[in-house]
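Trainee: Sequence first, then the predicted structure, then my questions.
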Amino acid sequence: MSIDARPIGRLVSDQSSSYLFIVNPKAGTNREDPVDAIADSLNSSVTYEVRVTTRVGHATDLAEKGVQDGYDVIVAVGGDGTLNEVGRALEGADVPMGIVPAGSGNALARALGVPLDWRAACGVLLNGQERRIDTGHLGDQIFLSTAGTALDAEICWRFNNHKGQRGIVSYITHSISGILSYRATQVSLQLDDDSDAVVVRPTLLTFANTPAFGYDVTIAPGAEPDDGLLDVCVVENMTLLRAATNVHRLFSGGFDETPGVSRYRAKRIRVERERPGYIQVDGEAKEGDATLEASVREGGLSVIAPA
């Protein structure tokens, strides 16, 4: 589909323009203060304010207040969880979300081409373009990149609750331990209005709005955040040996060629699991019901991306 994009560089010369930066101080592994990078990158004609989160869900509250206060752009400074919280507040609104990626995996920033360097990302805020992307929903949760109900949810739970250093090494460690311990159960998938359900026993069951988890781990090559569809990736019979021999495909864009992988595309998917369990939305693990619905809201969020 075509994307309605309009340059927003004009905001720089508009003295009334304003940016609200919502900073998660606990995100990622970079010990530099992102507030310093923000201050170094914005010229004196830009009006901005920085607010820092102090609890889970705080970014949503701050973004909602920012919309009420009339800010032109709400900027999420953090990882995919922070972007998720801000996106929840801005879904369906006319106020765009800017991104300064300060997390570990930074899946959405990578998918949109936003630089991981903070100062360069601030440059995109001033010289990029506004575009609308889809938003996904799993149960009552929103997601911008990926959501899942199987091993990926288990891995996210382990990763989120790990007390040590975050980063790719920790992510790989928890992935290995998850593969060794995870026991797949039967899941029924009803895709859109198809009369016949797809019955699987997935090791991985991922709903993708963008191609990759964090770190460019590409689970759904070809997924587009503005096509009005969710890519459904089902991986069955994933042993540690099979994972080890095919892990390179996750970084080369060839994961579809892995044995046991099936892909579907749909706007709405009814998910029936044997029992309640973890789900993950944008890398954050949460409790989920046995029966869930995954769906897409076309053009649900306006973001600022590189021109």
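Mentor: Thanks, I have the structure now. Numbering: from 1, shown residues only.

Trainee: Name all residues that make contact with the residue lying closest to V198 once chain neighbours are set aside.
Mentor: Once flanking residues are discounted, V198 sits nearest to L189: 4.4 Å by Cβ to Cβ, 6 or more residues apart in numbering. The way it works is simple: take the backbone N, C-alpha and C, and place the C-beta from them, glycine included. Counting by Cβ atoms under 8 Å, 6 or more residues apart in numbering, L189 touches 197-200, 232, 234, 264, 269-272.

Trainee: ok, which stretches of the stretch 201-307 of the chain are strands?
Mentor: Along the stretch 201-307 of the chain, counting by DSSP state E, counting those that start in this stretch, strands occupy 202-208, 230-236, 261-266, 268-273, 277-281, 284-288, 291-305.

Trainee: Touching, I304 and G98? I think so.
Mentor: Yes - contact criterion Cβ atoms under 8 Å: I304 and G98 qualify, at 4.6 Å.

Trainee: For these two, list the residues in contact with both.
Mentor: Listed as contacting both I304 and G98 by Cβ under 8 Å, 6+ apart are 73, 124-125.

Trainee: pLDDT averaged over the helix or strand containing G136 - what is it?
Mentor: In this assignment (DSSP states H and E), G136 forms part of strand 129-138. Average pLDDT, strand 129-138: 98.

Trainee: now could you export just the CA positions of it as CSV?
Mentor: Below are the C-alpha coordinates for strand 129-138, written out as CSV (Å, rounded to 0.1, in the frame of the first residue of the first chain):
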residue,chain,number,x,y,z
GLN,A,129,9.3,12.1,7.4
GLU,A,130,6.1,11.2,9.0
ARG,A,131,4.6,7.8,8.0
ARG,A,132,1.8,5.7,9.3
ILE,A,133,2.5,2.1,10.3
ASP,A,134,0.1,-0.7,11.4
THR,A,135,-0.3,-1.6,15.0
GLY,A,136,-0.9,-5.2,16.2
HIS,A,137,-3.0,-6.4,19.0
LEU,A,138,-2.8,-9.7,21.0
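
Trainee: For R242, list the residues it contacts.
Mentor: 258-260 are the contacts of R242 under Cβ under 8 Å, 6+ apart.

Trainee: From the residues you listed, list the buried ones, please.
Mentor: With neighbours counted by 16 or more other Cβ atoms under 10 Å, the contacts of R242 contain buried members at T258.

Trainee: which non-adjacent residue is nearest L180?
Mentor: In space, L180 is closest to L240, 6.0 Å off (Cβ to Cβ, 6+ apart).

Trainee: Run a quick neighbour tally on that neighbour.
Mentor: By other Cβ atoms under 10 Å, the residues close to L240 number 12.

Trainee: helix/strand/coil for V56?
Mentor: Secondary structure for V56, judged by DSSP: H, G, I helix; E, B strand; the rest coil, is coil.

Trainee: number of nearby residues for it?
Mentor: Here the number of neighbours of V56 (other Cβ under 10 Å) works out to 10.

Trainee: do C122 as well
Mentor: Using other Cβ under 10 Å, C122 has 26 neighbouring residues.

Trainee: can you check the one 3 residues further on too?
Mentor: Applying the criterion other Cβ under 10 Å, we find 26 residues in the vicinity of L125.

Trainee: so what secondary structure elements neighbour the host helix or strand of it?
Mentor: Using DSSP H and E, the element containing L125 is helix 118-127. Applying 3 or more Cβ pairs under 8 Å, 6 or more residues apart in numbering; DSSP states H and E, one finds that helix 118-127 makes contact with helix 34-41, strand 97-101, strand 291-305.

Trainee: how does it look with 7 Å?
Mentor: helix 34-41, strand 97-101 (3 or more Cβ pairs under 7 Å, 6 or more residues apart in numbering; DSSP states H and E).

Trainee: Take the ones you listed and lay them out in JSON lines including mean pLDDT and distance to G228.
Mentor: Listed next are the helices and strands packed on helix 118-127 as JSON lines, based on pLDDT from 0 to 100; distance: least, Cβ to Cβ, whole Å:
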{"stretch": "helix 34-41", "mean pLDDT": "87", "distance to G228": "33"}
{"stretch": "strand 97-101", "mean pLDDT": "97", "distance to G228": "19"}
